[in-house]
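Chemist: dropping a prediction and its sequence here:
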Amino acid sequence: MLSRRLEKLTSILEVAKAMTVQTDLDALLALILLEAKQVVDADRCTIYVLDPDSDTLWSRLAQGLETREIRLPLGQGIAGTVALHNQVVNIADAYQDDRFDRAVDEVTGYRTGSILAAPMRGTRGDVVGVIQALNRLDERPFDAEDEELLMALGGQAASAIQNAMLHEAIEVLFESFIRASVTAIEARDPVTSGHSERVARLSVALAEAVNRAESGPYAEVRFSPQDLRELRYAALLHDFGKVGVPEAVLVKENKLQPWQIEQLRLRFALARAGLERDHYRRRAEIREAGRAAEAPPDEGERDLRAQLDLLDQSWRFIERCNRPELRQEEDTCERLRQIGGLQVPAEQGMEPLLTEREIELLSIPRGSLAADERQEMEHHVVHTFRYLRSIPWTKNLCRIPEIAHAHHERLDGNGYPQALRGDQIPLGSRIMAIADIYDALTAHDRPYKPAMSHQAAIGVLAEEAARGLIDADLLVLFIGSITE
Ligand SMILES: [Fe+2]
Ligand SMILES: [Fe+2]
């Protein structure tokens, strides 16, 4: 008898050890339930956890029933009574006790006989929850020894539950902090809103596809739940560094900023007015001097027309060049230089129509950013890395800065900022690169850029894989993960 008791106490201590390392609340509750059943030889057990904010007990697991959440007000039913009075309740026959709610048996078709319900007391003696055991297997009522054993188990379980709940609360806090950071990035650039969340979703889906891979180079690679979480956080925060990119670069829509094109428009208007003014002034001078025969008015008129037409054509050309979707032709630069070389009337005498910087900006071959602006934009990865590195991540999240840092690296070493190659790029970053490109192509984010279809985007990615920029094996899994 004594050895059996010792055996059970030893088993409680063994389980207690396992409990302290389990931070997943559901897994922990399952562990406690299993042990509780064995310790008091019960047919069924239920654990109720106290929610002090609402003064209710909740249970996520009920053996023999489906997994669902039951809520019970403090003081109600057997478990509610135990929690309220912080005392064990031991009942030989439930149907003889008023506190027992027969409705549960009616719903489940189970027949409750004996009940033993013990408070789970935290280190300060406060109630953390209740363990309830039903029907001792030998059909005898639960005895004093069972009470003692269940209390002992409850004591160990209480600290583990508190620990797991604290862990869960920290995770919730952390998750909301990350969401707040994502909101901060997307508030600066509303057109890309939802990008981080979508990249995170696509990245995790691809990592899960890696987990399912049975052949190929990723057949042996497995992401644990923690690895997946690490990847998700890294993906949510991958573009956070954009908070460090100047607004004018971050949301630049055209090659010239709105104020630059406005300035240019005014310069054209001024030039136009100047040409007309000079022409009429000249004509008046000629008329006054009585030398009209020297310069026929028609000729002057034709000259003026030609100059004004040239200005209008140049302006239309500049407006076209300003748009980022326009792929520059070879002679664009040449023509811009010609326009830039035109000397036109300005506030202070004659001036060239375009400045060097305007010619440079309008000659941007692709997109809206000049080389220096592109560099500032690309610098967002460095900002991301610096920001993420300053956070004291726990051990299982410690690769977040490194993964996010490498999301613009390409396998051939032509990525940035470190020009890493092949395997030097962390797997998480190679996954994220595919998700990032796919979302950038398919998102309805820029007014001037129509979203690409899924097929077209996959075509672009396939081309990049063929050129050795992104991981072709991952791309195959990615396509599978998206069409599933
Ligand atoms: Fe990025
Ligand atoms: Fe991105």
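Modeler: Ah, there it is. Ligands and ions are numbered 1, 2, ... in the order given.
Chemist: any idea how far residue 458 is from residue 399?
Modeler: Per Cβ to Cβ, to the nearest Å, residue 458 is found 28 Å from residue 399. Quick note: C-beta positions are derived from backbone N, CA and C, even for glycine.
Chemist: sorry, that was for residue 335
Modeler: Noted for residue 335: a distance of 50 Å to residue 399, by Cβ to Cβ.
Chemist: the two: which has the busier surroundings?
Modeler: Between residue 335 and residue 399, residue 399 has the larger neighbour count (other Cβ atoms under 10 Å), namely 19 against 16.
Chemist: what residue in the stretch 151-300 of the chain comes nearest to ligand 2?
Modeler: Ligand 2 sits closest to residue 239 of the stretch 151-300 of the chain, with a gap of 4.4 Å, by Cβ to the ion.
Chemist: my guess is that residue meets residue 387, correct?
Modeler: No - counting by Cβ atoms under 8 Å, residue 239 stays clear of residue 387, with 11.0 Å between them.
Chemist: more neighbours, the two?
Modeler: Each of residue 239 and residue 387 has its neighbours counted (other Cβ under 10 Å); residue 239 has more, 24 against 17.
Chemist: what residues are up against that one?
Modeler: The neighbourhood of residue 239, defined by Cβ atoms under 8 Å, 6 or more residues apart in numbering, consists of 185, 192, 195, 196, 380, 384.
Chemist: just those now: which is nearest residue 462?
Modeler: residue 195 (22.0 Å; Cβ to Cβ).
Chemist: ok, for the closest one, nearest residue in space, not its chain neighbours?
Modeler: residue 439 (5.9 Å; Cβ to Cβ, 6 or more residues apart in numbering).
Chemist: try residue 179
Modeler: Nearest-residue entry for residue 179: residue 236, 7.8 Å, with adjacent residues in sequence omitted and distances by Cβ to Cβ, 6+ apart.
Chemist: neighbours of that neighbour, how many?
Modeler: If you count neighbours by other Cβ under 10 Å, residue 236 ends up with 23.
Chemist: show me what contacts it?
Modeler: For residue 236, the contacting residues are 178, 179, 181, 182, 196, 197, 199, 200, by Cβ under 8 Å, 6+ apart.
Chemist: about what we covered before: now the residue nearest to residue 195: which helix or strand?
Modeler: Element membership of residue 439, judged by DSSP states H and E, is helix 427-442.
Chemist: and that helix, what's its mean pLDDT?
Modeler: The predicted model assigns helix 427-442 a mean pLDDT of 96.
Chemist: could you dump that helix to PDB, C-alpha only?
Modeler: Provided in PDB are the C-alpha atoms of helix 427-442 (Å, rounded to 0.1, in the frame of the first residue of the first chain):
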ATOM      1  CA  LEU A 427      16.700  29.400 -45.900                       C
ATOM      2  CA  GLY A 428      14.100  31.600 -44.300                       C
ATOM      3  CA  SER A 429      15.300  34.600 -46.400                       C
ATOM      4  CA  ARG A 430      15.300  32.500 -49.600                       C
ATOM      5  CA  ILE A 431      11.700  31.600 -48.800                       C
ATOM      6  CA  MET A 432      10.800  35.200 -48.000                       C
ATOM      7  CA  ALA A 433      12.400  36.500 -51.200                       C
ATOM      8  CA  ILE A 434      10.000  34.400 -53.300                       C
ATOM      9  CA  ALA A 435       7.000  35.500 -51.200                       C
ATOM     10  CA  ASP A 436       8.100  39.100 -51.300                       C
ATOM     11  CA  ILE A 437       8.500  39.200 -55.100                       C
ATOM     12  CA  TYR A 438       5.300  37.400 -55.700                       C
ATOM     13  CA  ASP A 439       3.300  39.800 -53.500                       C
ATOM     14  CA  ALA A 440       5.000  42.900 -55.100                       C
ATOM     15  CA  LEU A 441       3.900  41.700 -58.500                       C
ATOM     16  CA  THR A 442       0.400  40.600 -57.700                       C
END
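Chemist: near ligand 2, which residues of the protein?
Modeler: Residues of the chain found near ligand 2 (Cβ under 5 Å from the ion) are 239, 436.
Chemist: ok, longest helix in the chain?
Modeler: When the chain is parsed with DSSP state H, its longest helix is helix 144-188.
Chemist: how far off centre is that helix?
Modeler: In terms of Cα atoms, centre = their mean, to the nearest Å, the centre of helix 144-188 is set 23 Å apart from its chain centre.
Chemist: stretch 7-20 too?
Modeler: Remark: stretch 7-20 is offset 40 Å from the chain centroid, using Cα atoms, centre = their mean.
Chemist: show me which residues of that stretch are buried.
Modeler: Across stretch 7-20, burial judged by 16 or more other Cβ atoms under 10 Å covers 8, 12, 15, 16, 19.
Chemist: between those, which is closest to ligand 2?
Modeler: Using Cβ to the ion, these come closest to ligand 2 at residue 19, 41.0 Å.
Chemist: please identify the helix or strand for the closest one.
Modeler: Counting by DSSP H and E, residue 19 is part of helix 2-21.
Chemist: next secondary structure after that helix?
Modeler: Following helix 2-21 in sequence order, the next helix or strand is helix 25-39 (DSSP H and E).
Chemist: show the average pLDDT along that following helix.
Modeler: Summarised as a single mean, pLDDT over helix 25-39 is 89.
Chemist: tell me the buried residues in it?
Modeler: Residues of helix 25-39 classed as buried by neighbour count (16+ other Cβ under 10 Å): 25, 28, 29, 30, 31, 32, 33, 35, 36, 37, 38, 39.
Chemist: looking at the residues you listed, spot the one nearest residue 471.
Modeler: For the buried residues of helix 25-39, the nearest to residue 471 is residue 25 (36.4 Å; Cβ to Cβ).
Chemist: with that, I have no additional questions.
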